[in-house]
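Q: Next input, structure requested:
(one chain, ligands or ions: 2)
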Amino acid sequence: MTAPQTAGDATQDRVLIFDTTLRDGEQSPGASMTLEEKLQVAVLLDDMGVDIIEAGFPIASNGDFEAVSEIAKRVKRATVAGLARAGQKDVDRAGEAVKHAVKPRIHTFISTSPVHMKYKLQMEPERVLEMVTASVTRARNWVDDVEWSAEDGTRTEIDFLCRCVEAAIRAGATTINIPDTVGYTTPEEYAALFRTVRARVPNADKAVFSVHCHNDLGMAVANTLAGVQGGARQIECTINGIGERAGNAALEEVVMALKTRSDAYPYACGVDSRMLTRASKLVAAVTSFPVQYNKAIVGRNAFAHESGIHQDGMLKNTETYEIMTPESVGVSKTSLVMGKHSGRHAFREKLKELGYDLGENAFEDAFKRFKDLADRKKHVYDEDLEALVDDEILTAHDRIKVVALTVIAGTQGPQLATLTLDVEGTHKTVQASGNGPVDACFNAIKALAPHEARLELYQVHAVTEGTDAQAEVSVRLSEDGKSVTAKAADPDTLVASARAYLGALNKLMTKRLRGKPEALQAG
Ligand code: KIV
Ligand code: ZN
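A: Ligands and ions are numbered 1, 2, ... in the order given. The predicted structure is shown next:
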């Protein structure tokens, strides 16, 4: 067994960053990721310097178990955590999933608030307390590094919370998380909660305290930082703030607040902030959740200065309106990259600069698509390449792919789509009509790959400026209560639409194969 992340790692002036994009983030409706996508995110988080990666909820499904266990094998530096409810089966499944990690952690939780204990668990507080001890003890039989969470901690009676925390530490928990599960707390209240618990629990100095905030009132990041001021030294957060309902505290905001306002928050963290933009783009691509334009740190407008007064000030001295540099979060200036004469070497160098490291086959496919794009589009920008490569990565393992599409559209209906798909190695062609060209394309897909999934979302936006810009299309499909989203980019909006639809269908098929044996909830 290896040394756990303990109070020694999170010193007075160092906070640990615990990323839960792959667990709490993936619980956002429609944000599910494939195994390959989760591995890519985990490797990037590890490279970026995240201390703990919560890779999933192993008991939730075979797919979740497999993802946690593969991530545990692949991640070299960070601790890899698997989530478990307080039952023995949950804890054992999490232990089994993380056992190959260089630094494994089991994160076990149970609700402690009156409303959760009475209605959700239907348990008396004394029984909950027994389960705290039993679950942590069982987890310690698997690993040295055990985190215990008091679900709905901010709405828990303080005396009972202190008794649970003390019991968890006595049973061997090395990290104690007090989540604001429903996004209800305020910064002052959350800071005071940590001060009180740390002062009242006699063995509090044996554990690292952790914050975990949801954004229902838009205060997740503020509450997170307040919790750290109250003595917590682990921050649980997600890339782009994705997560249940309104999401979790955004990792990029927390990291940049610590860095930019180190006068107010004098705590070091190990994350390389220059990788934040790359991480945001990857998570947006694999979840197909767009990042709002004015999102702090990673939004498209986060460093854009539009008004004349601001531009004038910026030209005189960037500090007039810029509290951090775009470079510090990894934003490279939009640049004209290459044209159709650019060769493999230049393309490889450019991809490296954008943070991509593709295998030989993926590189060759991406290069071919770049050449096609450069033939059709006058200016190829960094954003174009990112859309193209993300697309390549996302579709690499698809079982059904677009081979050819011709559409007849315009005022004289009916609109017709002639589509050829590669369905697991066999080419199939059909012609279908529809109420508009997009409908015709989707009907053609349904004819070749019959399914019951319902279209929940169809969205188009331009990757760059200009009428020859690539269209980026997002499609969300749902089936049997599961929903998945996929994105695709192409200069032809209809080709992008067909590919995005198929991307979502491929994800649904993968989900169907992996199955979800139990309905689970973790906030
Ligand atoms: O929000 C929450 O309470 C959670 C726990 C499972 C840690 O996500
Ligand atoms: Zn949560």
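Q: Write out the residues of this protein neighbouring ligand 1.
A: 24, 109, 149, 151, 177, 179, 181, 212, 214, 522, 523 (Cβ under 6 Å from any ligand atom). Just so you know, the C-beta spots here come from the backbone N, C-alpha and C atoms, and that holds for glycine as well.
Q: Which members of these define the maximum pairwise distance?
A: 109 and 214 (14.1 Å; Cβ to Cβ).
Q: quick one on the thing from earlier: need the residues of the chain next to ligand 1 in JSON lines (columns: pLDDT and distance to residue 477).
A: Formatted as JSON lines, these follow (pLDDT from 0 to 100; distance: Cβ to Cβ, whole Å):
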{"residue": "24", "pLDDT": "97", "distance to residue 477": "23"}
{"residue": "109", "pLDDT": "98", "distance to residue 477": "31"}
{"residue": "149", "pLDDT": "98", "distance to residue 477": "33"}
{"residue": "151", "pLDDT": "98", "distance to residue 477": "31"}
{"residue": "177", "pLDDT": "98", "distance to residue 477": "34"}
{"residue": "179", "pLDDT": "98", "distance to residue 477": "31"}
{"residue": "181", "pLDDT": "98", "distance to residue 477": "29"}
{"residue": "212", "pLDDT": "98", "distance to residue 477": "31"}
{"residue": "214", "pLDDT": "98", "distance to residue 477": "27"}
{"residue": "522", "pLDDT": "61", "distance to residue 477": "24"}
{"residue": "523", "pLDDT": "57", "distance to residue 477": "26"}
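Q: Of those, which qualify as buried by neighbour count?
A: Among the residues of the chain next to ligand 1, the ones that count as buried by 16 or more other Cβ atoms under 10 Å are 24, 109, 149, 151, 177, 179, 181, 212, 214, 522, 523.
Q: Tell me how many other residues surround residue 62.
A: 13 (other Cβ atoms under 10 Å).
Q: let's number from 798 now, not from 1
A: Okay, using 798 as the starting number, the last item reads as residue 859.
Q: Can you list phi and psi of it for me?
A: Main-chain dihedrals, residue 859, degrees, to the nearest 10: phi -60, psi -40.
Q: how much space is there between it and residue 818?
A: With distances taken as Cβ to Cβ, to the nearest Å, residue 859 is found 21 Å from residue 818.
Q: again, but for residue 1100
A: 23 Å.
Q: The longest helix anywhere in the chain: how far from the chain's middle?
A: Scanning the chain for the helix with the most residues, using DSSP state H, yields helix 1290-1311. Chain-centre distance of helix 1290-1311: 19 Å, with Cα atoms, centre = their mean, to the nearest Å.
Q: and that helix, what's its mean pLDDT?
A: The predicted model gives helix 1290-1311 an average pLDDT of 88.
Q: hmm, who's touching stretch 1294-1306?
A: With contacts defined as Cβ atoms under 8 Å, 6 or more residues apart in numbering, stretch 1294-1306 is touched by 829, 831, 1188, 1191-1192, 1194-1199, 1202, 1216, 1218, 1235, 1238-1239, 1241-1242, 1246, 1248, 1250, 1252, 1255, 1257, 1270-1274, 1276, 1279, 1281-1285, 1287.
Q: buried set for it?
A: Neighbour counts using 16+ other Cβ under 10 Å place 1294-1306 of stretch 1294-1306 among the buried residues.
Q: Please apply the same query to stretch 853-862.
A: 853, 854, 855, 856, 857, 858, 860, 861, 862.
Q: Repeat that for stretch 1247-1255.
A: Those would be residue 1250, for stretch 1247-1255 by 16+ other Cβ under 10 Å.
Q: In the stretch 1048-1197 of the chain, where is pLDDT below threshold?
A: For the stretch 1048-1197 of the chain, residues meeting the criterion pLDDT under 70 lie at 1102-1105, 1108, 1129-1135.
Q: can you give me the helices for it?
A: Applying DSSP state H, counting those that start in this stretch to the stretch 1048-1197 of the chain gives helices spanning 1048-1057, 1073-1084, 1105-1113, 1141-1150, 1157-1173, 1179-1192.
Q: Determine which of those helices approaches residue 1223 most closely.
A: That would be helix 1179-1192 among the helices of the stretch 1048-1197 of the chain, by Cβ to Cβ, at 17.7 Å.
Q: tell me the pLDDT at the residue in the chain sticking out farthest from the centre?
A: Seen from the C-alpha centroid of the chain, the residue lying at the greatest distance (Cα atoms, centre = their mean) is residue 1209, 44.2 Å away. In this model, residue 1209 is scored at 86, pLDDT.
Q: what helix or strand is it on?
A: Of the helices and strands defined by DSSP states H and E, none includes residue 1209.
Q: So what does it look like in phi/psi?
A: Dihedral angles for residue 1209 - degrees, to the nearest 10 - are phi -90, psi 90.
Q: Compute the distance between it and ligand 2, please.
A: The gap separating residue 1209 from ligand 2 is 53 Å, by Cβ to the ion, to the nearest Å.
Q: Could you do residue 1278 as well?
A: 21 Å.
Q: That residue: neighbour count?
A: Neighbours of residue 1278 (other Cβ under 10 Å): 8.
Q: do residue 810 as well
A: A count of neighbours around residue 810, defined by other Cβ under 10 Å, yields 9.
Q: How about residue 1213?
A: Close neighbours of residue 1213, defined as other Cβ under 10 Å, add up to 18.
Q: One more: the one 10 residues further on?
A: Other residues near residue 1223 come to 7 when the count uses other Cβ under 10 Å.
Q: In terms of pLDDT, where does it sit?
A: pLDDT for residue 1223: 94.
Q: just checking, what packs against the helix or strand containing residue 936?
A: Assessed by DSSP H and E, residue 936 sits inside helix 922-939. Counting contacts by 3 or more Cβ pairs under 8 Å, 6 or more residues apart in numbering; DSSP states H and E, helix 922-939 packs against helix 885-895, strand 901-908, strand 943-948, helix 955-968.
Q: which element follows the second one toward the C-terminus?
A: Pointing back at strand 901-908 there. As assigned by DSSP H and E, the chain's next helix or strand after strand 901-908 is helix 911-912.
Q: tell me the mean pLDDT for that next one?
A: For helix 911-912, mean pLDDT is 98.
Q: Show me what it is in contact with.
A: By Cβ under 8 Å, 6+ apart, helix 911-912 touches 949, 952, 953, 954.
Q: quick one, what contacts the last one?
A: The contact partners of residue 954, by Cβ under 8 Å, 6+ apart, come to 910, 911.
Q: For residue 1109, see how far away it is.
A: Distance from residue 954 to residue 1109, by Cβ to Cβ: 56 Å.
Q: count of residues packed around residue 879?
A: Neighbour tally, residue 879, other Cβ under 10 Å: 36.
Q: ok, now residue 881?
A: Neighbour number of residue 881 under other Cβ under 10 Å is 29.
Q: Spatially nearest residue to residue 1225, not counting backbone neighbours?
A: residue 1245 (5.1 Å; Cβ to Cβ, 6 or more residues apart in numbering).
Q: Phi first, then psi, for the one you found.
A: Main-chain dihedrals, residue 1245, degrees, to the nearest 10: phi -90, psi -30.
Q: I'd like to check which residues are in contact with residue 1215.
A: 1201, 1202, 1203, 1204, 1226, 1227, 1228, 1241.
Q: Residue 1162 now?
A: 1189, 1193 are the contacts of residue 1162 under Cβ under 8 Å, 6+ apart.
Q: what does the one 5 residues further on give?
A: For residue 1167, the residues meeting the contact criterion (Cβ under 8 Å, 6+ apart) are 1135, 1139, 1144, 1177, 1182, 1185.
Q: now those as JSON lines including neighbour count?
A: JSON lines is the format used below for the contacts of residue 1167 (neighbours: other Cβ atoms under 10 Å):
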{"residue": "1135", "neighbour count": "19"}
{"residue": "1139", "neighbour count": "17"}
{"residue": "1144", "neighbour count": "19"}
{"residue": "1177", "neighbour count": "22"}
{"residue": "1182", "neighbour count": "23"}
{"residue": "1185", "neighbour count": "22"}
